[in-house]
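S.K.: here is the input, now give the coordinates:
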Amino acid sequence: MTRADDAILEFLLNEGNRPLVANPSTVEANIDYKISHVRRRLRALQDGGLVEYYDEDRGLYRISEQGRAYLEGELESDDLEHS
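M.R.: Below you'll find the model as predicted:
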């Protein structure tokens, strides 16, 4: 897991509010990483089960239950697939 991964997951979780559904461009506009890196990390997070497609045709992602568990400290990064 990288700092970018944590930033992406925290953005999608939208703590205190309803979780967000976003495309890579929206994520990039709200965190401090370039779009190419955001796309790469979203694919890795999806491979690891931490994010999932909300609408694959439109490229919209959302945080998964496993992603929430990771942010809540219920999963350690060692428990996840390394990407």
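S.K.: determine the longest helix present in the protein.
M.R.: helix 35-47 (DSSP state H).
S.K.: which other helices and strands contact it?
M.R.: On a contact count with 3 or more C-beta pairs under 8 Å, 6 or more residues apart in numbering; DSSP states H and E, helix 35-47 meets helix 3-13, helix 24-30, strand 51-55. C-beta here means a position set from N, CA and C on the backbone, and glycine is covered the same way.
S.K.: need the ones you listed in CSV (columns: mean neighbour count, mean pLDDT and distance to Ser64).
M.R.: CSV is the format used below for the helices and strands packed on helix 35-47 (neighbours: other C-beta atoms under 10 Å; pLDDT from 0 to 100; distance: least, C-beta to C-beta, whole Å):
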stretch, mean neighbour count, mean pLDDT, distance to Ser64
helix 3-13, 19, 98, 9
helix 24-30, 17, 98, 15
strand 51-55, 17, 98, 5
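S.K.: as CSV, the ones you listed with distance to Arg41 would be great.
M.R.: Conversion of the helices and strands packed on helix 35-47 to CSV gives the following (distance: least, C-beta to C-beta, whole Å):
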stretch, distance to Arg41
helix 3-13, 5
helix 24-30, 9
strand 51-55, 9
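S.K.: quick one: which of those is nearest Tyr61?
M.R.: Among the helices and strands packed on helix 35-47, strand 51-55 comes nearest to Tyr61, with 4.9 Å by C-beta to C-beta.
S.K.: what lines up beside that closest one in the sheet?
M.R.: Strands that pair with strand 51-55, judged by DSSP bridges, come out as strand 60-63 (antiparallel).
S.K.: what's downstream of the strand it pairs with, the next helix or strand?
M.R.: Proceeding N to C from strand 60-63, the next assigned helix or strand is helix 65-71, under DSSP states H and E.
S.K.: report all helices and strands that that next one contacts.
M.R.: helix 3-13.
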